[in-house]
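Q: Here's a sequence, model it:
(chains A and B)
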Number of protein chains: 2
Amino acid sequence: MHRRPVLEFWYEFASTYSYLAAMRIEAAAEAAGVELVWRPFLLGPIFKAQGWETTPFSLYPAKGRYMWRDMEREAARLGLPFYRPATFPQNGLLAARVALLGADRGWTPSFTRAVYTAQFGECRDIADAQVVTDILTGLGLNPEAIIAEAQGETNKLRLRRMGEEVQSRGLFGAPTFFAEDGEMFWGNDRLEQALDWAVTQGRRGEWPD
Amino acid sequence: MHRRPVLEFWYEFASTYSYLAAMRIEAAAEAAGVELVWRPFLLGPIFKAQGWETTPFSLYPAKGRYMWRDMEREAARLGLPFYRPATFPQNGLLAARVALLGADRGWTPSFTRAVYTAQFGECRDIADAQVVTDILTGLGLNPEAIIAEAQGETNKLRLRRMGEEVQSRGLFGAPTFFAEDGEMFWGNDRLEQALDWAVTQGRRGEWPD
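A: Numbers count the residues shown, from 1 in each chain, chains lettered A, B, ... in the order given. Reported below is the predicted structural model:
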């Protein structure tokens, strides 16, 4: 027995195509025999570094109009609900801080899917702390303790530092996938190629379990 | 017998992802039972309308670096040669004018593939009239007569007007596909969805042959 290859999955909660990837990545990774590392991050600072004050879908209206139509079609194709949020992009800061906190505790994937479903399937505003509270409660967790820790300086700083670090690795959008050798894939459309790379070329080495 | 559904294929000669689409679209359309309309156009005026003086791959270096790596991988996956041109984006104006002229004469698909192969498979500069001349000669055509007509006012104006018209239909990048009902798909990654739409939903009506 050898360990399974690893793929990092970097996602922003406000990102529509990150939603599509988040809802299907676990089944796809399981089928490919790949272990996932879930990495919530904030696109805002990365867009600012490229000179954008908001998402390119707002800056470039023709591209934005197309994105909403493409999302309708792609969500239907993947069997996922999709409603355009009343405000876009939503502020996913609190959700990202909470999701980061769950990484070492095993509940980040479930929390992440619940946040995306609330936003794009149920038209709820994920910037609202009550929405995040309801989701944590639904997962059987303690919302008050988790939100307090998520908003603490240690966790806030960790989220910021991880965003800076991944930007230095070349990330410029979301979702983004990294194989162990650093190979980067951008976009829900590249999930299959990323998993294939992780299995066939991206492994750093083989160790017995 | 009924007529086959039609898909418009809009491409820019300097566009890397248009190259991938151009080299595989004919086989894919044939398999799907779809008739193609090849539509060369110029991205420059459309980018300018969005506030970009050149390709976003030059304006946003992180995105540009990723694109070259992604093109290497995708071309290899599709079994196509790919070399990064010494200059990018290349000036595809002459090639687009010539390709437009061939639309009613049947040789646009062959000419288009030959131009892309020269640019991305053989590192030739498609802005060089000699390269275009060699390609036309290789197709058994009369380069002098064709280039003269392609550079005439009628053809130049037609290319410009077609670009303005398609921009009004929502096009913002290349490659772009339109079904008969106006449904738009952007990017080589959406070719399969575009063909599927053309067959299942995009037909304007049925007429006997």
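Q: Around chain B, pick out the residues from chain A.
A: Counting by Cβ under 8 Å from any Cβ of the partner chain, chain A comes close to chain B at A:50, A:60, A:62-63, A:65-66, A:69-70, A:73, A:77, A:170-173, A:184-187, A:189-190, A:193. Every C-beta, even on glycine, is put in place using the N, C-alpha and C of the backbone.
Q: give me that answer again for 10 Å
A: Selection of chain A residues close to chain B by Cβ under 10 Å from any Cβ of the partner chain yields A:46, A:49-52, A:56, A:59-67, A:69-70, A:73-74, A:77, A:167, A:170-173, A:176, A:183-190, A:193, A:196-197.
Q: Put the buried members of the residues you listed into a PyMOL selection.
A: Of the residues of chain A next to chain B, the buried ones go into a single PyMOL selection, burial set by 16 or more other Cβ atoms under 10 Å in any protein chain shown:
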select buried, chain A and resi 46+52+56+60+62+63+66+67+70+74+170+171+172+173+176+183+184+185+186+187+188+189+190+193+196+197
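Q: which residue ranges form the helices in chain A?
A: Taking DSSP state H to define them, one finds helices in chain A at A:16-32, A:44-49, A:56-59, A:61-78, A:93-101, A:108-116, A:129-138, A:143-150, A:153-168, A:191-200.
Q: Can I get the first one in PDB, CA atoms only?
A: Included here for helix A:16-32 are C-alpha records, laid out as PDB according to Å, rounded to 0.1, in the frame of the first residue of the first chain:
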ATOM      1  CA  THR A  16     -19.600  30.900  -9.000                       C
ATOM      2  CA  TYR A  17     -17.300  28.400 -10.700                       C
ATOM      3  CA  SER A  18     -15.800  27.500  -7.300                       C
ATOM      4  CA  TYR A  19     -19.300  26.500  -6.400                       C
ATOM      5  CA  LEU A  20     -19.500  24.000  -9.300                       C
ATOM      6  CA  ALA A  21     -16.100  22.600  -8.400                       C
ATOM      7  CA  ALA A  22     -16.900  22.300  -4.600                       C
ATOM      8  CA  MET A  23     -20.100  20.400  -5.200                       C
ATOM      9  CA  ARG A  24     -18.500  17.700  -7.400                       C
ATOM     10  CA  ILE A  25     -14.900  17.500  -6.300                       C
ATOM     11  CA  GLU A  26     -15.300  14.900  -3.600                       C
ATOM     12  CA  ALA A  27     -16.900  12.300  -5.700                       C
ATOM     13  CA  ALA A  28     -14.400  13.000  -8.600                       C
ATOM     14  CA  ALA A  29     -11.400  12.700  -6.300                       C
ATOM     15  CA  GLU A  30     -12.700   9.500  -4.700                       C
ATOM     16  CA  ALA A  31     -13.100   8.000  -8.100                       C
ATOM     17  CA  ALA A  32      -9.600   9.000  -9.100                       C
END
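Q: next one: it to chain centre, how far?
A: Its chain's average C-alpha position is 10 Å from that of helix A:16-32, according to Cα atoms, centre = their mean, to the nearest Å.
Q: Buried residues in it, which are they?
A: A:16-23, A:25-26, A:28-29, A:32.
Q: tell me which strands and helices it is in contact with?
A: strand A:6-11, strand A:35-40, helix A:61-78, helix A:108-116, strand A:176-179, helix A:191-200 (3 or more Cβ pairs under 10 Å, 6 or more residues apart in numbering or on different chains; DSSP states H and E).
Q: try 7 Å
A: In terms of contacts (3 or more Cβ pairs under 7 Å, 6 or more residues apart in numbering or on different chains; DSSP states H and E), helix A:16-32 is packed against strand A:6-11, strand A:35-40, helix A:61-78, helix A:108-116, helix A:191-200.
Q: what is the orientation angle of the first one with strand A:35-40?
A: Spelled out, it's strand A:6-11. 20 degrees (axes from the mean of the first three to the mean of the last three Cα atoms, to 10 degrees).
Q: Next: the last one.
A: Relative orientation of helix A:191-200 and strand A:35-40, computed by the same axes, to 10 degrees: 130 degrees.
Q: So which bits of helix A:191-200 are buried?
A: Neighbour-count burial for helix A:191-200 flags A:191, A:193-199 (criterion: 16+ other Cβ under 10 Å).
Q: ok so, going back, adding mean pLDDT, write the helices and strands packed on helix A:16-32 out as CSV.
A: Formatted as CSV, those follow (pLDDT from 0 to 100):
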stretch, mean pLDDT
strand A:6-11, 98
strand A:35-40, 98
helix A:61-78, 96
helix A:108-116, 98
helix A:191-200, 97
